[in-house]
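In: Predicted model, plus sequence, below.
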Amino acid sequence: MMFGSPSLPTESLGLQFDNPIGLAAGMDKKGENIPNWECLGFGWMEVGGITLHGQSGNPKPRMFRSMKHGALINRMGFNNPGSEAMFKILAKQKSKKWASVPVGINLGKSKITPNEEAEQDYAGTMERLWEFADLFVVNVSSPNTPNLRELQAGSELDRILTACNEVNARISEETGAKPKPLLVKISPDLEDNQILAVADIAIAQGCAGIVATNTTTSRPGDDKIMDQVGGLSGKPLRQRSTEIIHTLYAHCGQKLPIIGVGGVSDVDSAWEKIAAGACLLQLYSALVFEGPGVVRAINRGIMRKLTEHGFESLSDAVGHAHRS
Ligand SMILES: Cc1cc2nc3c(=O)[nH]c(=O)nc-3n(C[C@H](O)[C@H](O)[C@H](O)COP(=O)(O)O)c2cc1C
């Protein structure tokens, strides 16, 4: 069964998207379904997180559902085959069938790599998998790798982005292909001033955008599941993630495109993030709770909203809450 979305063409990050809704990182960790996500109506996808070294992640159980809150808690811990094995998997996939929509790769850090050497992990994976991605996301915001989120701090992040930029520039020169857009993904648990500091570094490093946000370690309430350790996603994340998009857009305007993710599950939750300043969106939890029809439903709803508000294109609607 196909769940094709209506066409909502938009240009962002130097790439063309047929619609703004992407599959968030963590669902297709190994890139095993790259040709299939667009059949569900996704306009793009982010595969991974992938780390330099293969690792099995945390012991199971490591993923929990709260039906009451429409939320997931996960502590997967970057289970993935590692960059070398991923190269083989992606090369095989590409020789058979690939996506016709943009494919992003989420870069994580191996648990065995100390934070002091983190840049080698991120840049090493980027180098190995460069040819397969249309964009890369530096994930320094997963709560499930010890101390990973400390890498959002100024000099640490600077070092990682410098190393990734060097790889990007070198391969681009060697191959004659354009450098790939590099984005940073942030945690919703940062203070506003820390968020703006990350944004300033991202701009100074020439990043193509910022992904807001990853999962949160905060908890909305009283469900037994909420005692589980890990990152919370889904409906309870919606408000904080939208607030962060507002904060980022007010600070950066058009200088740093924002990818909105966190609790997008219907047209209203998608539209509020576009109004706040997101030019592209992603979702994960809604696919679990609402099923695959959710992507098409959101895109159709966005199309209706554009007409109702008299916007000619999606890009005209981005950040409109700041103009009214
Ligand atoms: C099981 C699971 C695994 C995830 N793995 C990753 C990951 O590897 N890298 C990453 O940047 N985000 C990861 N995420 C976070 C999502 O990409 C997304 O930022 C978060 O779930 C909020 O979106 P949602 O409310 O639509 O689920 C994961 C989320 C879940 C639920």
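Out: On my side now, so go ahead.
In: Up against the ligand, what does the stretch 201-324 of the chain have?
Out: For the stretch 201-324 of the chain, the contact set with the ligand under CB under 6 Å from any ligand atom comprises 214-215, 233-234, 237, 261-264, 283-286. In short, each C-beta sits where N, CA and C put it, glycine included.
In: Now tabulate those residues in JSON lines and tack on neighbour count, pLDDT and secondary structure.
Out: Formatted as JSON lines, these follow (neighbours: other CB atoms under 10 Å; pLDDT from 0 to 100; DSSP: H, G, I helix; E, B strand; the rest coil):
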{"residue": "214", "neighbour count": "27", "pLDDT": "97", "secondary structure": "coil"}
{"residue": "215", "neighbour count": "30", "pLDDT": "97", "secondary structure": "coil"}
{"residue": "233", "neighbour count": "29", "pLDDT": "98", "secondary structure": "strand"}
{"residue": "234", "neighbour count": "25", "pLDDT": "98", "secondary structure": "strand"}
{"residue": "237", "neighbour count": "27", "pLDDT": "98", "secondary structure": "helix"}
{"residue": "261", "neighbour count": "29", "pLDDT": "98", "secondary structure": "strand"}
{"residue": "262", "neighbour count": "32", "pLDDT": "98", "secondary structure": "coil"}
{"residue": "263", "neighbour count": "26", "pLDDT": "98", "secondary structure": "coil"}
{"residue": "264", "neighbour count": "30", "pLDDT": "98", "secondary structure": "coil"}
{"residue": "283", "neighbour count": "27", "pLDDT": "98", "secondary structure": "strand"}
{"residue": "284", "neighbour count": "20", "pLDDT": "98", "secondary structure": "coil"}
{"residue": "285", "neighbour count": "27", "pLDDT": "98", "secondary structure": "helix"}
{"residue": "286", "neighbour count": "24", "pLDDT": "98", "secondary structure": "helix"}
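In: If we only consider the residues you listed, which is nearest to residue 26?
Out: residue 284 (6.0 Å; CB to CB).
In: Just to check, that closest one is in contact with residue 27?
Out: Yes - with contact defined as CB atoms under 8 Å, residue 284 reaches residue 27; the gap is 5.4 Å.
In: Can you pull the residues that touch both of the two?
Out: Contact with both residue 284 and residue 27 is made by no residue, according to CB atoms under 8 Å, 6 or more residues apart in numbering.
In: residue ranges with poor pLDDT in the stretch 201-324 of the chain?
Out: For the stretch 201-324 of the chain, no stretch has pLDDT under 70.
In: If we use 80, what do you get?
Out: 221-222, 324 (pLDDT under 80).
In: And whichever residue of the stretch 101-250 of the chain sits closest to the ligand, how far from residue 284?
Out: Minimum separation of the stretch 101-250 of the chain from the ligand (CB to the nearest ligand atom) falls at residue 233, amounting to 3.1 Å. To residue 284, residue 233 is 6 Å away according to CB to CB, to the nearest Å.
In: Between the two, which contacts overlap?
Out: residue 72.
In: now residue 106, what's its secondary structure?
Out: strand (DSSP: H, G, I helix; E, B strand; the rest coil).
In: what sits opposite it in the beta ladder?
Out: Beta bridges link residue 106 to residue 48, residue 137, judged by DSSP bridges.
In: thought it was touching residue 137?
Out: Yes - Residue 106 lies in contact with residue 137 (CB under 8 Å); the separation is 4.9 Å.
In: Common neighbours of the two, please.
Out: 25, 46, 48, 185.
In: and the longest helix seen in the chain, which residues are buried?
Out: Scanning the chain for the longest helix, with DSSP state H as the assignment, gives helix 154-175. With burial defined by 16 or more other CB atoms under 10 Å, the residues of helix 154-175 counted as buried are 156-157, 159-161, 163-165, 167-168, 171.
In: what sits up against that helix?
Out: 107, 115, 118-120, 122-123, 126-127, 130, 136, 138, 140, 150-151, 177-180, 182, 184, 197-198, 201-202, 205-207.
In: Look up phi and psi at the closest residue to the ligand within the chain.
Out: When distances are taken as CB to the nearest ligand atom, the chain reaches nearest to the ligand at residue 26, 2.2 Å away. Dihedral pair for residue 26: phi 110, psi -20, per degrees, to the nearest 10.
In: quick one: it and residue 77 touch, right?
Out: No - if you go by CB under 8 Å, residue 26 and residue 77 don't touch, sitting 11.2 Å apart.
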